[in-house]
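**Q** let's see this in three dimensions:
(one chain, ligands or ions: 1)
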Amino acid sequence: MLLRFTKMHGLGNDFIVFDAPSDDAVPDGAALKQLADRRTGIGFDQALVLLPPRAKDTDVYYRIFNADGSEVEQCGNGARCVGKLVAEKLARQDLHMDSLGGRVDVQLRKDGLVSVDMGIPDFTPAAVGFDATREADVYPLRVGESELQISAVSMGNPHAVMRVPSVSEAPVDTLGPAVENHPRFANRTNVGFLEVVSRTHIRLRVFERGVGETLACGTGACAAVAVGRRLGLLDEEVTVDALGGRLVIRWPGPGEHLWMTGPAITVFEGTVTL
Ligand SMILES: N[C@H](CCC[C@H](N)C(=O)O)C(=O)O
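**A** Just a heads-up that it's a prediction; the model follows:
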């Protein structure tokens, strides 16, 4: 079977995007994992599959698969890429999208950046698949000999966020996989390392569930700002510096929708035989 795809990225978090007429035409996780390989496949962090809308007031439904083949609920950088691709195809400036993790509204800006409504951050442990008995701002988490202090929030997908004095010194390679696969997270988790520069500026590195460290993580940036605001460290609009570049997050506060603005780049079109 010939698969036509578009290769895209958001700050170096890279994707293949392709259409599928229905769920049973979506390649299985094992096939997508092979395509994700950066030597023997196309290479990507996530595959984004575009399907016909499932709710009458939406334009597209998209599914998300990590490089390890696992299907997940949400992808923020991917949502900007899907939104831009589909809105341009439909000659629209705005779009209503739907995914396993919920609705995402998209606005294409005149400056070429894309804004997406990433919904309402959910701090309930159950939403994160985290086994805490009650909700808290910060939880102790034992990892080997050390006890970490993490916050847990869902952007549709799970995020564990910990503050670090400096992202450049953060032990991402060791603590990333240890927290990603920690038994207290029923469905694993993404792991954010948050450095607060000021009330309107953070630096962030994310060890992504099912991928490893990426150059940027959109939902990770949303999660980190939500946690920073809940801890009283950040203002409503925050610039997030990831390894791959800059995002702007705006969150008025609890119960409100969180918006993310950033780039969405098409690199090439391609075909691959499955
Ligand atoms: N690895 C994530 C999915 C992709 C998130 C990231 N690429 C983004 O831009 O939000 C997870 O397993 O929940």
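**Q** and the stretch 151-274 of the chain, which of its residues are near the ligand?
**A** 157, 190, 208-211, 214, 217-220 (CB under 6 Å from any ligand atom). C-betas here are computed from N, CA, C, even on glycine.
**Q** and if we set it to 8 Å?
**A** 155, 157-159, 188-190, 206, 208-211, 214, 216-222 (CB under 8 Å from any ligand atom).
**Q** same deal with the stretch 1-150 of the chain?
**A** Counting by CB under 8 Å from any ligand atom, the residues of the stretch 1-150 of the chain near the ligand are 10, 13, 45-46, 64, 66, 70, 72-79.
**Q** check contacts around residue 75.
**A** 15, 46, 48, 64, 157, 218-219 (CB atoms under 8 Å, 6 or more residues apart in numbering).
**Q** same deal with residue 195?
**A** Contacts of residue 195 (CB under 8 Å, 6+ apart): 163-167, 170, 202-204.
**Q** then it would be within a helix, right?
**A** No - counting by DSSP: H, G, I helix; E, B strand; the rest coil, residue 195 falls outside a helix, being strand.
**Q** excluding chain neighbours, what is closest to it?
**A** Distances taken as CB to CB, 6 or more residues apart in numbering place residue 203 nearest to residue 195, at 4.2 Å, with adjacent residues excluded.
**Q** domain parsing for this structure?
**A** Listed by the TED database, the domain ranges of the chain are 2-118+263-273, 125-256.
**Q** need these in a markdown table with mean pLDDT, can you?
**A** What follows is the domains of the chain, written out as a markdown table (pLDDT from 0 to 100):
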| stretch | mean pLDDT |
| --- | --- |
| domain 2-118+263-273 | 97 |
| domain 125-256 | 98 |
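**Q** which of the contacts of residue 75 has the most neighbours?
**A** The most crowded member of the contacts of residue 75, judged by other CB atoms under 10 Å, is residue 219 (32 neighbours).
**Q** so it versus residue 241, what's the distance?
**A** As judged by CB to CB, to the nearest Å, residue 219 and residue 241 stand 17 Å apart.
**Q** OK, contacts around residue 250?
**A** Here residue 250 is in contact with 236-238, 258-261 (CB under 8 Å, 6+ apart).
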